[in-house]
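>>> dropping the sequence and predicted coords here.
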2 protein chains.
Amino acid sequence: MNLLLYRGAEQLADGRLELPAGDRRLRHILEILKARAGDRLRVGRLNGPRGWAVLEEDPELERPCRLRVTEDEPDPPPSAPGRVLLLALPRPPALRRILQLAPQLDLERVVLTGSARVEKSYFHSPLLSAGEWREQLILGLEQAQVTRLPEVRVVLRLHELLSGDLEALLPAGGRRLLPHPGPWPGVAELTPAPTAWCLAVGPEGGWVESEVAALVQHGFEPLSLGPRILKVENALQRLVAQLDLLQALQPGDRA
Amino acid sequence: MNLLLYRGAEQLADGRLELPAGDRRLRHILEILKARAGDRLRVGRLNGPRGWAVLEEDPELERPCRLRVTEDEPDPPPSAPGRVLLLALPRPPALRRILQLAPQLDLERVVLTGSARVEKSYFHSPLLSAGEWREQLILGLEQAQVTRLPEVRVVLRLHELLSGDLEALLPAGGRRLLPHPGPWPGVAELTPAPTAWCLAVGPEGGWVESEVAALVQHGFEPLSLGPRILKVENALQRLVAQLDLLQALQPGDRA
């Protein structure tokens, strides 16, 4: 936990933060940070500014713990909006890892959907049905030291998404990319460098051909990631890292 | 397991492959692939060619299992040599993940070393002392469908490495890069694109200042990875992905 995150609703009227008894963050303060009264911690308000908090007394796990908060540092400037992941719902352990990655990859939105290769039962995992997805995003925010919670949407069927909310969920004018094995251009061939994009990342084993065709019909361009077979979360990290670099290089600097 | 890997020593005189009773790969064939006599599997010889194997009989876990191997596909052409990771030994779960990543990142060699922020006890984990590191690399090869085993070296102390074997372990003429928080140039500023490199990746919390100074003195250039705090394996993936893209863009295409 590189950043202690709190919700605005957890602040008292005078701005102090009160962590409830038994809270996960309180346990972290006690057992990992071994912090005491007067110690300063890096904190951030969910979807708000970052700052520092000072422990008002020695923390104990069985008692609520109060911290004096100074929100002195604004959140890093928002990245250009329009970084959307359209993801065939992976099995729960992989989804957990990807949700934790989302803030590190500065994703604005994750749209989870079905595929012929996605087990329907994954949609009933507690990760989605009991809201555990939000905890995983928060773990990712704490790691990356950012406060902006990516949005998560679930659309059970791909064709339902494509014929329905697609335009509302994707960045307007953004480039639609479909990493897929085959003799497609690689990221190096994307000119100009896209500033807004949506990546349609398939399940392990890939989208089936009819899904690829439907995505292509909706403006997604197949893209090669190279000869090695990557796990979904690794393919995603590779692609986002390369798109970031392409943008940093600026179209004008190349060719 | 996208590729069943075997060692040359596991081949019988007539070239057939015999998996011993109870073998992990045999269990995978039975329980995950549910393969039967006559089924074809993607295989590869460790540090050798890839090919196909046909099951000679219905497999059973308690009996050795024979496969007829056809090594018809050469290994993908070797990448330009000179992709070396110099890594402050992470805690065992993170090391496991990084070793599995090494073949996906096409690393030629991983040099593990100490740091003020590395617990000495990590060097005694079964991962290193009982050779489990090799199993993790093999899991990574199976995932990436490649056969070339990256080399792993362990040098207990950084200063011992710097004053000793450094030149022998690093690619001759390769660029030495030190990802480190601070106002350093980013990957986009690296010109010309390095074809051979060594990345000195520190522990969680980073190299301490004296270690940074020693690395810089030995030719390592500090490099910024951006404002977000990344886990070691994610920072590594991001950096390698960006170096690969920089190379694909070719110096001539930029600036």
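Now that the structure is in, tell me what you want to look at.
>>> roughly how far does A:E135 sit from chain B?
18 Å (C-beta to the nearest C-beta, to the nearest Å). Quick note: C-beta positions are derived from backbone N, CA and C, even for glycine.
>>> the nearest residue to A:P20 once chain neighbours are set aside - how many residues pack around it?
The spatial neighbour of A:P20 that comes closest, neighbours along the chain excluded (C-beta to C-beta, 6 or more residues apart in numbering or on different chains), is A:P64 at 5.5 Å. Burial measure for A:P64: 13 neighbouring residues, criterion other C-beta atoms under 10 Å in any protein chain shown.
>>> please look at A:P64 and A:R16 and confirm they touch.
No: with contact defined as C-beta atoms under 8 Å, A:P64 does not reach A:R16; the gap is 11.0 Å.
>>> if we can go back for a sec, and the residue nearest to A:P20, how far from A:E18?
If you measure A:P64 against A:E18 using C-beta to C-beta, to the nearest Å, the figure is 5 Å.
>>> repeat for A:E71
With distances taken as C-beta to C-beta, A:E71 is found 16 Å from A:E18.
>>> can you show me the strands along chain A?
Using DSSP state E, the strands of chain A run over residues A:4-6, A:17-19, A:40-45, A:50-55, A:65-73, A:83-88, A:109-113, A:151-155, A:175-179, A:197-201, A:221-223.
>>> up against chain B, what does chain A have?
Remark: the part of chain A in contact with chain B comprises A:2, A:76, A:101, A:103-104, A:106, A:143-146, A:186-188, A:226-231, A:234, A:237-239, A:241-242, A:244-246, A:248-249, A:253-255, using C-beta under 8 Å from any C-beta of the partner chain.
>>> and those, which are buried?
When the residues of chain A next to chain B are checked for burial by 16 or more other C-beta atoms under 10 Å in any protein chain shown, the buried set is A:76, A:101, A:103-104, A:106, A:143-146, A:186-188, A:226, A:228-231, A:234, A:237-239, A:241-242, A:244-246, A:249, A:254.
>>> mind listing what A:K231 touches?
A:94, A:204, B:104, B:143 (C-beta atoms under 8 Å, 6 or more residues apart in numbering or on different chains).
>>> my guess is A:L199 contacts A:V84. True?
Yes: here A:L199 reaches A:V84: they are 7.5 Å apart, a contact under C-beta under 8 Å.
>>> ok, the residue nearest to A:Q11 when sequence neighbours are not counted to A:V240 distance?
Closest residue to A:Q11 apart from its sequence neighbours, by C-beta to C-beta, 6+ apart: A:L17 at 5.6 Å. Distance, A:L17 to A:V240, using C-beta to C-beta: 33 Å.
>>> what do you get for A:L30?
In terms of C-beta to C-beta, A:L30 sits 35 Å off from A:V240.
>>> just A:L26 next, same as before
Noted for A:L26: a distance of 34 Å to A:V240, by C-beta to C-beta.
>>> again, but for A:E209
26 Å.
>>> which one of those two is surrounded by more residues?
The neighbour count for A:E209 versus A:V240, taken as other C-beta under 10 Å, is higher for A:V240 (22 against 9).
>>> just give the nearest non-adjacent residue to the more buried one, would you?
Counting by C-beta to C-beta, 6+ apart, A:V240 lies nearest to A:L105, which is 4.7 Å off, once chain neighbours are set aside.
>>> what score does A:D244 have for pLDDT?
What the model reports as pLDDT for A:D244 is 94.
>>> what sits against it?
Counting by C-beta under 8 Å, 6+ apart, A:D244 makes contact with B:226, B:242.
>>> domain assignment for chain A?
Using automatic domain parsing, the domain ranges for chain A come out as A:4-73, A:83-253.
>>> most tightly packed of these?
With neighbours defined as mean count of other C-beta atoms under 10 Å in any protein chain shown, these peak in mean count at domain A:83-253, which reaches a mean of 18.
>>> in contact with A:H159, which residues are there?
Neighbour list for A:H159: A:A214 [criterion: C-beta under 8 Å, 6+ apart].
>>> re earlier: which of the contacts of A:K231 has the weakest pLDDT?
A:E204 (85).
>>> my guess is it meets A:R117, correct?
Yes: look at A:E204 against A:R117 with C-beta under 8 Å: they come within range, at 7.4 Å.
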